[in-house]
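[1] kindly return the folded structure for what I paste below:
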Amino acid sequence: MSDIDFGLARAIADEIFDSFRLFKVRHSYQQIKIDPFAVKVAVTSYLKDLKRYSLFHNSPDPNEFKLAGYLVYWLVKLKVISSTELDPPEFQINSKYLAANEEFAIFLALNIMGIKASHIPNRDFISRLVYALYYRDITSKALVLEMELLYNTVPAHLRQRQVAHQPPQAIN
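    Residues are numbered from 1 along each chain as shown. As a prediction, this is how the structure comes out:
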C-alpha cells in the first residue's frame, strides 16, 4: 500500500503542466519541454517529504512556505525542463535557457504562496535565488526559509493567501 494519494499527485502534476505552458508563453521560451516522468518522480518525492515532515512534527497541514520550498527543491533537483533544439555551438553559459528549471520552480512557488513577482520590492531577490538554485546546493529546509523571506518582502496588502493545492494528510 502506498503512503501517498495518487489523485492528489495527479492533480499537482496537472497544475505543474498547466503552469509550464503559461511559464513558457510568458517568458518566450520556445525551445524547452517538460519531462512527464521527471514531474511524476518530483511530485511523488515532494509528497513523501511533506508526509514525513508532517509525521515528524505532528503537524498535518504544512504551510505554504513548506509547500513551496519542498516543491522548488524537487523540481530543481530533478531538472524537469530541458531544451529541445539548442545546437551545441549556440549553447552558451549566458543562454536564457540555462536556468529555466530554477525560474520555473520559483514561478510555481510564487503561485503557491499567492504572490506576484511584480509585487516583490527587491527585484534582485529572485535573480539571486535563481543563481543560488543553479550554482549552489540548497536543502529543502533552507528553501522553506527562503520562501518565507521572499513572501515577507511583499507588502501585506498585496499578499493573496491561497494555497494552490492541499497538503497531504497525516497518517493516523
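
[2] so where is this protein shaky, pLDDT-wise?
    The model of the chain has pLDDT under 70 over residues 1-2, 85-94, 161-172.

[3] which parts of the protein are helices?
    Remark: helices assigned in the chain by DSSP state H are 6-26, 36-57, 64-78, 100-113, 123-135, 140-153.

[4] in TSV: those helices, plus mean neighbour count.
    From N, CA and C alone the C-beta is placed, and that goes for glycine too. Formatted as TSV, the helices of the chain follow (neighbours: other CB atoms under 10 Å):
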stretch	mean neighbour count
helix 6-26	15
helix 36-57	17
helix 64-78	24
helix 100-113	23
helix 123-135	15
helix 140-153	18
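
[5] list of residues touching stretch 148-156?
    Residues outside stretch 148-156 that contact it (CB atoms under 8 Å, 6 or more residues apart in numbering) are 64-65, 109-110, 113, 115, 119-122, 125-126, 129, 159.

[6] again, 10 Å this time
    Applying CB atoms under 10 Å, 6 or more residues apart in numbering, the external contacts of stretch 148-156 come out as 63-66, 68-69, 106, 109-110, 113-122, 125-126, 129, 143, 159-161.

[7] using PDB, write down the CA coordinates of it.
    Provided in PDB are the C-alpha atoms of stretch 148-156 (Å, rounded to 0.1, in the frame of the first residue of the first chain):
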ATOM      1  CA  GLU A 148       9.100  32.800   3.800                       C
ATOM      2  CA  LEU A 149      11.700  35.500   3.400                       C
ATOM      3  CA  LEU A 150      10.500  36.100  -0.100                       C
ATOM      4  CA  TYR A 151       6.900  36.200   1.000                       C
ATOM      5  CA  ASN A 152       7.700  38.700   3.700                       C
ATOM      6  CA  THR A 153       9.300  41.100   1.300                       C
ATOM      7  CA  VAL A 154       5.900  41.600  -0.300                       C
ATOM      8  CA  PRO A 155       3.800  44.300   1.400                       C
ATOM      9  CA  ALA A 156       1.000  42.800   3.500                       C
END
